[in-house]
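Peer 1: predicted model and sequence below, questions to follow.
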Amino acid sequence: MGKNKPGVPPETSDPGFAAGKTAAMPGITHPERYSEDDDRDLSLRPQNLAEFLGQASMKENLSVFIAAARKRNESLDHLFLIGPPGLGKTTLAQVVAHELGADFKVTSAPALDKPKDLAGILTMISEKTVFFIDEIHRLKPAIEEMLYIAMEDYELDWIIGQGPSARTIRLPIPPFTLVGATTKAGNVSSPLIGRFGITCRFSFYELSDMEAILRRSAGILRVSIDDDAASLLAASSRGTPRVANRLLRRMRDFAQIRGPAAGGTAVTRSVVEEGLSRLEIDSLGLERHDREILRIIIERYNGGPVGAETLAISAGEAVDTLEDYYEPYLIQSGLLQRTPRGRMVTALAYEHLKLPRKDHENPGFLF
Ligand code: ADP
């Protein structure tokens, strides 16, 4: 382990490099929001459907539903957004509010601790507000129940008084659109899912969409990016706009350290190649820890199958982190498979890591 292999960046960082401190950041390509940095460039967030790139069929349907709701002068039906982190669920909710000409209110399920937290929001909203709840799979049961009635009847059940004299009254609230987002649709109860009229499933973005997103962001950040640099960065961004924007900002740092080009900061192919190698990100967008997970399966478990819990312990990660942040992209890239017997690497993983296959030791291999 740790040997430099062609095509795979070295497993050590170079502290001597001027901008090397960025390499110390944990999981730069991991799509969860890990720093304020992501939210600093709010200007990068698309404001309307035209600026929201990719996810073409989802967008097309949504634009019909939005236009129809506007025509009827009604609130849009409740919207359920499913997809890995960083693909644009919050952004889309905001875009929908903008397109509807409605207010936007945002919270996340863990922030709604008591029914009064939800009631406090829903009694204060204006008509047609788009109310976004992130991580909706983490709602507490009491809040979820309250939400059922709010979503269906635009009313809240409110208990006044205590003990035997307590009684429930129904408070009307303005018609609104709930946008519930989750990375784990399997953990959302069916009564809640059943109350959403529209479901949008996000998929990882196509390379051409990622390039377009990078070009748009570069324009807003006032850096120039050439075609080679854009396609290289797009390929290393895990099909995830948040990762693309984060990498672009780091490439801007590398470009600035190199000194300004004639027309300002220029992100070129050589800046990206050098930058990605400094950050130990390879041609598929994998970081050291992703490669480590694949290596563990290959070297300790003969390529798998290995159960998620065992693998998580071996990799020093929580099972949730492994399942939510590492696996989706490894699976999407064709490097890992989830089978009923556990996780298995594919032939591509051996090829990518340049590790020999020991098929004779594992006759159950799928290839
Ligand atoms: P999620 O809520 O799914 O975790 P976000 O909506 O916060 O993801 O998106 C992360 C960032 O990626 C946003 O700040 C935005 O700049 C960018 N982004 C997301 N989707 C798109 C898109 N379709 N086009 C352009 N930029 C996008």
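Peer 2: Cool, the structure landed.
Peer 1: tell me what the helix or strand hosting Ala244 is packed against?
Peer 2: Using DSSP states H and E, Ala244 maps to helix 241-258. Applying 3 or more C-beta pairs under 8 Å, 6 or more residues apart in numbering; DSSP states H and E, one finds that helix 241-258 contacts helix 37-40, helix 207-221, helix 227-235, strand 266-267, helix 269-278. No exception for glycine: its C-beta is placed from N, CA and C like everyone else's.
Peer 1: just how off-centre is that helix within its chain?
Peer 2: Using C-alpha atoms, centre = their mean, to the nearest Å, the mean C-alpha position of helix 241-258 is found 18 Å from that of the whole chain.
Peer 1: then stretch 146-163?
Peer 2: 32 Å.
Peer 1: what does this protein put close to the ligand?
Peer 2: Contact residues, the chain versus the ligand (C-beta under 6 Å from any ligand atom): 44-46, 52-54, 85-91, 213, 241-242, 245.
Peer 1: select from those every entry located in helices.
Peer 2: 89-91, 213, 241-242, 245 (DSSP state H).
Peer 1: and the residue of this structure nearest the ligand?
Peer 2: With C-beta to the nearest ligand atom, the shortest gap between the chain and the ligand falls at Gly88, namely 2.5 Å.
Peer 1: which of the residues of the chain next to the ligand are buried?
Peer 2: Buried by 16 or more other C-beta atoms under 10 Å: 44-46, 52-54, 85-91, 213, 241-242, 245, out of those.
Peer 1: got the contact list for Leu335?
Peer 2: Leu335 makes contacts with 284, 286, 294, 345-346, 348-349, 352, as judged by C-beta atoms under 8 Å, 6 or more residues apart in numbering.
Peer 1: of the residues you listed, buried ones?
Peer 2: For those, a neighbour count by 16+ other C-beta under 10 Å gives the buried set as 284, 286, 294, 345-346, 349, 352.
Peer 1: going by distance to Ile121, which of those residues wins?
Peer 2: Ranked by distance to Ile121 (C-beta to C-beta), the buried ones among the contacts of Leu335 are led by Leu286 at 40.1 Å.
Peer 1: before we move on, back to that, out of the ones in helices among the residues of the chain next to the ligand, which is nearest to Ile198?
Peer 2: Nearest to Ile198, judged by C-beta to C-beta, of those is Lys89 at 13.4 Å.
Peer 1: and that closest one, how far is that from Ala230?
Peer 2: Per C-beta to C-beta, to the nearest Å, Lys89 is found 24 Å from Ala230.
Peer 1: over to Lys71?
Peer 2: Taken as C-beta to C-beta, the span from Lys71 to Ala230 is 39 Å.
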